[in-house]
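Enquirer: following is a predicted model, sequence given first.
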Amino acid sequence: TSGDMRQRTDLNLAASKRLLNDRLKLTLGNNFELDGPKTSNEQSSYIPSNLAADYLLSADGKYTLRGYRRAYDEGVLQGYVTETGLNFIVSLDYNKFKNILKKKKKPNEPLTQK
């Protein structure tokens, strides 16, 4: 680095749309440099730099598959980075933090109605 302090101001805007009975969520976004030094490696185009698609594998939202493409400036050393990936997400709800560490108890006997 040159040892000079650099300041930047970026704006990130995104919009999303739900489809297929709310099982698919598409998100489009873009980064805009408002102030500071411009990155020379960034390629200007009309394609949004941030894309994501989330698909709920289960109706309750416990299992989700996410594909994404993200572009951002990593600084002077690494420059402009484009990251692409696929995630498998498991979402669990707990009322208290200590419940995360407890194992679920298996019922000993099935319940019978009298």
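Expert: Done, it's in. Numbering: from 1, shown residues only.

Enquirer: on the three-state scheme, Glu33 is what?
Expert: Per DSSP: H, G, I helix; E, B strand; the rest coil, the secondary structure class of Glu33 is strand.

Enquirer: mind listing what the residue lying closest to it once chain neighbours are set aside touches?
Expert: Among residues not flanking Glu33 along the chain, Asp10 sits closest, at 5.7 Å (Cβ to Cβ, 6 or more residues apart in numbering). (Glycine included, C-beta is placed from N, CA and C.) The contact partners of Asp10, taken as Cβ atoms under 8 Å, 6 or more residues apart in numbering, are Asn31, Phe32, Glu33, Leu34, Asp73.

Enquirer: find me the pLDDT at the closest residue to the fourth one other than its chain neighbours, would you?
Expert: In this case it means Leu34. Nearest residue to Leu34, sequence neighbours excluded (Cβ to Cβ, 6+ apart): Thr9, at 4.4 Å. According to the predicted model, the pLDDT of Thr9 comes to 80.

Enquirer: count the neighbours of Thr9 for me.
Expert: Using other Cβ atoms under 10 Å as the criterion, Thr9 is surrounded by 9 other residues.

Enquirer: from memory it sits against Phe32, does it?
Expert: No: in this structure, Thr9 sits apart from Phe32 without contact. The criterion is Cβ atoms under 8 Å, and the distance is 9.5 Å.

Enquirer: next, the buried residues of the worst-scoring helix or strand of the chain on mean pLDDT.
Expert: The weakest-scoring helix or strand in the chain, judged by mean pLDDT, DSSP states H and E, is strand 24-35 (a mean of 85). Taking 16 or more other Cβ atoms under 10 Å as the neighbour-count basis, strand 24-35 is seen to contain the buried residues Lys25, Thr27, Gly29, Asn30, Asn31.

Enquirer: so which bits of the helix or strand following that strand are buried?
Expert: As assigned by DSSP states H and E, the chain's next helix or strand after strand 24-35 is strand 50-56. Residues Asn50, Leu51, Ala52, Asp54, Leu56 are the ones in strand 50-56 that count as buried (16+ other Cβ under 10 Å).
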